[in-house]
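# Provide a 3D model corresponding to the input given below.
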Amino acid sequence: MRAAESLFERRKRRVRYGIAKNNKGGRVRLSIFRSSKHIYAQLIDDKNGATIAHASSLEKEVAGAGKNGCNVEAAKKVGQLIAKRAVEAKVAEAVFDRGGYLYHGRVMALAESARENGLKL
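Numbering: from 1, shown residues only. Got it, this is the predicted structure:
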């Protein structure tokens with residue numbers, strides 16, 4: 001494993017440990033995956049081990065947001081879409097799981113957009 005990958009994995013484990021430790025209410029987890037070309041978000045119920053809703057920059061509603069799926073505008077659209085689907089699934093609040101990514105740029109844009117559209121993080 002490369003040094004950068006191991007540091008990423010350490011950050012990811014640390015974030016997930018903190019979420020598991022502090023999530024006594026059993027809230028749903030909003031997990032993010034960010035690749036070089038796209039961004040993905042999913043609401044996960046850890047008690048049942050099931051995905052409640054998901055959204056990504058590959059979808060038709062988001063694809064028209066810009067030139068590609070790897071910019072801040074596309075991340076904002078994904079945040080709007082996941083918040084809308086969370087409300088439809090009757091999920092009012094969730095825990096934000098940024099994984100090993102820094103809370104900056106596309107990750108921050110997605111989280112703030114989800115908050116603005118009715119999802120309490």
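# which stretches of the protein form helices?
Here the chain has its helices, by DSSP state H, at 3-22, 60-63, 72-88, 106-116.
# let's have those helices in a markdown table, adding mean pLDDT and distance to Asp46.
Every residue, glycine included, has its C-beta placed from N, CA and C. Putting those into a markdown table (pLDDT from 0 to 100; distance: least, CB to CB, whole Å) gives the following:
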| stretch | mean pLDDT | distance to Asp46 |
| --- | --- | --- |
| helix 3-22 | 89 | 8 |
| helix 60-63 | 83 | 26 |
| helix 72-88 | 95 | 15 |
| helix 106-116 | 97 | 18 |
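# so of the ones you listed, which one's packed in deepest?
Highest mean neighbour count of these: helix 72-88, a mean of 22 (counted as mean count of other CB atoms under 10 Å).
# now the angle from that one to helix 106-116?
Counting by axes from the mean of the first three to the mean of the last three CA atoms, to 10 degrees, helix 72-88 points 40 degrees away from the direction of helix 106-116.
# helix 72-88 - contacts with which helices or strands?
Other elements packing on helix 72-88 under the criterion 3 or more CB pairs under 8 Å, 6 or more residues apart in numbering; DSSP states H and E are strand 39-45, strand 50-56, helix 60-63, helix 106-116.
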